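Engineer: Give me a 3D structure for the following:
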Amino acid sequence: MSDDFQTELRFIGMTSSPAFVCAPEGNGVAEWFIRTLKQQLLWVRAFQTVEDLRRALHDWLRLYNEHWLVERHGFCSPAQVRRNLLAMSETA
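Structural biologist: Sure thing, here's the model as predicted:
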C-alpha cells in the first residue's frame, strides 16, 4: 500500500488489515458494505456540513448493526452475531 495511505490510516487511528492470501472474500465483504453505504446514504442525501455527515453515518451504522439481517449469518443482525459469539466465547 502507498505510504500516503498508510500515513492517513495512522492519522485517523486505524491500522491496515490486508486480505489473506487465497482468501479474497474479505475484500468482497468490505466492498459490498461500502456499496451498501453509498446506495442507502451517500448517494441519496446531501450534507451541508461535515458534522451532518458524521451524524448521518453514525445513525446509519447503528441501524445497519442492529437491524440489518444478513443471510450468511442466518438472517441475524451484525450486532446479534457479535453477541452470540461473545456468549459462546464466555462459556468456552
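
Engineer: which SSE is the spatially most central residue of the chain in?
Structural biologist: Nearest to the mean C-alpha position of the chain, by CA atoms, centre = their mean, lies Phe33 at 6.0 Å. Using DSSP states H and E, Phe33 maps to helix 25-37.

Engineer: Centre of the chain to the helix or strand just after that helix, how far?
Structural biologist: Sequence-wise, the next helix or strand downstream of helix 25-37 (DSSP H and E) is helix 50-67. Here helix 50-67 shows a centroid-to-chain-centroid distance of 11 Å under the convention CA atoms, centre = their mean, to the nearest Å.

Engineer: neighbouring contacts of helix 50-67?
Structural biologist: Surrounding helix 50-67, the residues in contact under the criterion CB atoms under 8 Å, 6 or more residues apart in numbering are Thr36, Leu37, Gln40, Leu41, Arg45, Phe47, Ser77, Pro78, Ala79. The C-beta positions use only the backbone N, C-alpha and C, and glycine is treated the same way.

Engineer: residues of that helix that come out buried?
Structural biologist: Going by neighbour count (16 or more other CB atoms under 10 Å), the buried part of helix 50-67 is Trp60, Tyr64.

Engineer: Restrict the following helix or strand past that helix to CA atoms and write it as PDB.
Structural biologist: Under the assignment DSSP H and E, the closest C-terminal helix or strand after helix 50-67 is helix 78-91. Extracted as PDB, the C-alpha positions of helix 78-91 are listed here (Å, rounded to 0.1, in the frame of the first residue of the first chain):
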ATOM      1  CA  PRO A  78     -24.300  -8.000  12.900                       C
ATOM      2  CA  ALA A  79     -24.900  -6.900  16.500                       C
ATOM      3  CA  GLN A  80     -26.700 -10.200  17.300                       C
ATOM      4  CA  VAL A  81     -23.900 -12.200  15.700                       C
ATOM      5  CA  ARG A  82     -21.400 -10.400  17.800                       C
ATOM      6  CA  ARG A  83     -23.500 -11.000  21.000                       C
ATOM      7  CA  ASN A  84     -23.800 -14.700  20.100                       C
ATOM      8  CA  LEU A  85     -20.000 -15.000  19.500                       C
ATOM      9  CA  LEU A  86     -19.300 -13.300  22.800                       C
ATOM     10  CA  ALA A  87     -21.600 -15.500  24.700                       C
ATOM     11  CA  MET A  88     -20.000 -18.600  23.100                       C
ATOM     12  CA  SER A  89     -16.500 -17.400  24.000                       C
ATOM     13  CA  GLU A  90     -17.500 -16.700  27.600                       C
ATOM     14  CA  THR A  91     -18.900 -20.300  28.000                       C
END
